[in-house]
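Asks: would you be able to build a 3D model of this:
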Amino acid sequence: MNKMILFLILFFSYTLASANTPTNLTVTDSTILSLTLNWNSVSGANSYKLYRSDATGLVFTEIANPTQNVYKDSTLQQETKYFYKVSSVVNGVESVQSDSVEGTTRFSNLKLFSIWIDSLDLDSLNSNLPESGKCCYKPATLNVDGVVYNIEAKFKGATKDHWLYDMKSWRLKFDDQNLLDSVYKRINLDNPSSIPMFTENLAYEFFREIGLVMPKSEMVRVKLNGKDHGIHHFYSNDREEEFFEANNIPISELYSEVANTGSFQIWSYLGENSASYTQWEKEVTKPNIPANDFTNLINLLRVLNLSSNEFVVDSLRYLVDIEQYIDFYCSTILARVFHNEHHNLRLYFNPELNKFQQWPNDPAAWGSLIPPDYSPNILAYKLMQSPEIGFYKNKRLYELMNNFPENYLLSKVDSIWLKIKEDAYTDSLKDKTNGDVYTNSYLESKVQNFYSSIGNIYSIPETYLNECEINYSQEYIFNTQNISNGYIPVLNLYLETLPNVASKVSEIFFQATGTGNEVSDIDSVRLYRDNNLNGIIDFGDVNLGVPTSFISDNGTVDFEFNDFLLPKRGTNLIQTSQLPYKPNSPFQIQIEKELYSYILAYKFNNNFDSTKSYLVSIDSSNAIVAHNGITGEIINPQNIMSVVSINDSIAVENIFFQDQILAKGASNFTLINSPNWLSIDSESGILNGTPDSLDLGVDTVEIFINDDFGNSTSYSYSINVISQNQIQDQLIFDDLGVDDAGITRNGSIKFLGGNSNPEYVDISSSSQLELSNDFSIEIWFKPIDSGSSNSVILDKGEYQIIYKPSLDIFQSGALKLKTNVLGNIDIANGTLNNGLLLKNRWNHLVITYKDSTLNSYVNSNLQKTISNTNFAVYSSISSLSIGKQKNTNDYFHGSIDDIRIWDKALSSEEILYNYSNPGKFHSDLDLNTDIIAN
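Replies: This next block holds a predicted model:
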């Protein structure tokens, strides 16, 4: 009886458990890393138990205890099959498990990078962040598309976005014999903090389409020791020789800032000792140039630290590939990746152009062109001091906007977003970024903001970009609706002069509509000039706010002034008008010859009439225009002499002569006095000609230059054509004249320097070669490590320049100036530790004399200053010998080029310009117009 009762109870319990088994277990959704399951609810169930098995479907393990009849399993791997069962729990009794159901996660659109690293090594990397993670590489393997690489791995970065969370950024280093894709030696896997994963992908793709060389880049999914490690931004290291070779880029100097200082320090001129440049390093160096040779960078920094902006900009044209620089900059605008700061800044010295280029390592690293208060990129800032460069920037931006219209960029955004969206949504390792919770909705909002920011760029008036004229009209109506809650209406005026347009007057009119004729409710109208030099970038980006502090008129201000809060950028108050303001009376703007944005602000009094609307009308289309052309007298010396040597036995192409006159703003060049064999291109100013034996002697060349506005000036200098009969024995001409830095010096002359081949150049005496009052002597010379003890470069009898070789194979002794009054004077010592006077390298020597002070410069660096010097040399009828001392066997051994004798003392800026631009010389016209002759 008792056994029967027990059996009935057990049977009843089993029947009840079976009755409570959930039915219709179904996989309702599948993503890359998750499966969602649903089943019919069980009446009275307190909870459910969900079981999962791997692909074998044999062993099930409880994974969750949900209270509802739905569950999302988000701890899965992509493209993997799983099996599930579910049971219910009613009054503490678990039901029989349901039949199993299978589901498979979907395949990711992103490439998979699978990293395997020993657990102890991984613990070591995590043990003492950040130092432990980035100090040492650990051995590891990487599987990409079934190819296994032996690598070394460490964490990357130094900020909270890289270090504080589970998902780290990685730097991977490959074996030299097994590079990734046979090209990449180092790669980076960055955890994508917020929107940069999006913008940088767009930037990389866009930059490639306009022809910029960029590292390989894409979003990838990462596994770490078999577990999902989230999505990462993969990009290759572009600072390896393999990258240069794969992209047909000449291996040359690549300079990189060492520290992300966010200060001016990296741009400071710190002296000639390269060890002082602690903020820069060479990541790649050109063959045969020492890694500690910072000469090219020093030249750039020295120019950037000069005080004369106009001179700086002119020099930068010969030091920087401005077209590439502007292309990169405009691309950052359209791709929306520039910031108000810089980091990861790198400069590449292109040996084919002898110019620096922006190295496109980090598209978000460049910084926008705003004042140094907000961007320490002084190079960008100095470039934009030039209206012509600003004009070119606008033109180029307009071209890119036409070639790559808004729909094109938005379609790029769509394709990238569709590719990464699901992976981003299913990334279980999302982190906080800048205090925001990094959720799917947060990411979605950032993407939408990105769409809008592209639209804002394309709302810039096309007429402004296309024409870049000062021809602007706009009306702005304001009333109580748009100035409520303390907000002040601010109007941006984007006005720019064309090259050679010095100034223009624009007029602003105020009118009132409604109940009154006078704008009596406005206390003042203030006009501010935006020192950004890039107002176009901020078009529509007006950051208004509540009234703040007061700053007096004409003060240099940051962003708070006169009870107005304007966009945070440097501004200067340039004009103010106190009101009540009479209607239709003009408020004039005097626009300087610069690229600026102008901001108009209004201050209202307590009598503001809410029934009125106010109309502001800006019209500059009929404004007065003043031009500054190229008229004026030449203030730099005109008696520089070019020497051309000829020999009838040499083919004519070997004695080809070429000069070029460059004048800012010039439109036409005409020869008004010249030898018959010389001609000039009227548009370019290039002088061409081939003299012969009938053309010996000194001729004066005079060029007439005019511009489009009727202004004109003239320029003249001398050409001395000599026969090689005046050159002793066999003189060797280096037709290419290419130095170790890749600079071409046409027509440099080689002197063998031995008694068996006693060659030199002898030029007949001329009054132009006599030194009196102020003067400068300028020479390029390339010494060879042998020759006589007194290796004479120049000898005029009353003065000599002597090069004294040294036994040191790296340095080359000293330079001396000898005169018939002062005797020997040391002007440079080759034992200096800054790499001066290198043998087998071109050196630049300048000696200046002014106000009884003698200065000597080697490679643009001041070497000696001798004061209270009486340099009244005795004039003589002696000829000028080049490469030999008169009446001795002291010959020069090496090459000499570009000997110049000036009738003034060149300034340090002019010397630096000539050193930075070999083969050219710099002189000024008044009204700030330059002429450069070669």
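
Asks: low pLDDT regions in the stretch 751-900 of the chain?
Replies: Residues of the stretch 751-900 of the chain that meet the criterion pLDDT under 70 lie in 751-760, 762-772, 785-790, 797-800, 802-814, 816, 818-840, 868-878, 886-887, 889.

Asks: please, which helix or strand holds Phe207?
Replies: helix 196-209 (DSSP states H and E).

Asks: which element follows that helix toward the C-terminus?
Replies: strand 217-224.

Asks: returning to what we had before: let me see the mean pLDDT of the helix holding Phe207.
Replies: Helix 196-209 shows a mean pLDDT of 69.

Asks: now name the helix or strand holding Leu815.
Replies: Per DSSP H and E: strand 814-819 holds Leu815.

Asks: where does the prediction get shaky in the stretch 151-300 of the chain?
Replies: 157-167, 192-200, 202, 258-278.

Asks: quick one, helices of it?
Replies: Secondary structure of the stretch 151-300 of the chain (DSSP state H, counting those that start in this stretch): helices located at 160-163, 196-209, 241-246, 295-304.

Asks: could you dump these to CSV with mean neighbour count and distance to Val70?
Replies: Where you see a C-beta, it was placed from the backbone N, CA and C, and this is true even at glycine. Shown next, in CSV, are the helices of the stretch 151-300 of the chain (neighbours: other Cβ atoms under 10 Å; distance: least, Cβ to Cβ, whole Å):
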stretch, mean neighbour count, distance to Val70
helix 160-163, 18, 35
helix 196-209, 20, 31
helix 241-246, 16, 51
helix 295-304, 21, 63
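
Asks: Glu218 - nearest residue in space that isn't next to it in sequence?
Replies: Phe234 (5.6 Å; Cβ to Cβ, 6 or more residues apart in numbering).

Asks: verify the stated contact: that neighbour with Arg221.
Replies: No. Here Phe234 does not reach Arg221: they are 9.9 Å apart, not a contact under Cβ atoms under 8 Å.

Asks: shared neighbours, the two?
Replies: By Cβ atoms under 8 Å, 6 or more residues apart in numbering, Phe234 and Arg221 have these common neighbours: Lys111, Phe113.

Asks: in this structure, where's the longest helix?
Replies: Longest helix in the chain, counting residues (DSSP state H): helix 406-425.

Asks: coming back round to it: in TSV: the helices of the stretch 151-300 of the chain, plus distance to Gly103.
Replies: What follows is the helices of the stretch 151-300 of the chain, written out as TSV (distance: least, Cβ to Cβ, whole Å):
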stretch	distance to Gly103
helix 160-163	35
helix 196-209	29
helix 241-246	43
helix 295-304	60
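
Asks: relative to Ser182, which of those is closest?
Replies: Evaluated over the helices of the stretch 151-300 of the chain, closeness to Ser182 peaks at helix 241-246, with 8.4 Å, by Cβ to Cβ.

Asks: outside of that closest one, which residues touch it?
Replies: Residues outside helix 241-246 that contact it (Cβ under 8 Å, 6+ apart) are Leu179, Val183, Tyr184, Lys185, Pro215, Ser236, Asn237, Ile249, Pro250, Ile251, Val284.

Asks: buried ones among the residues you listed?
Replies: Leu179, Tyr184, Lys185, Pro215, Ser236, Asn237, Ile249, Val284 (16 or more other Cβ atoms under 10 Å).
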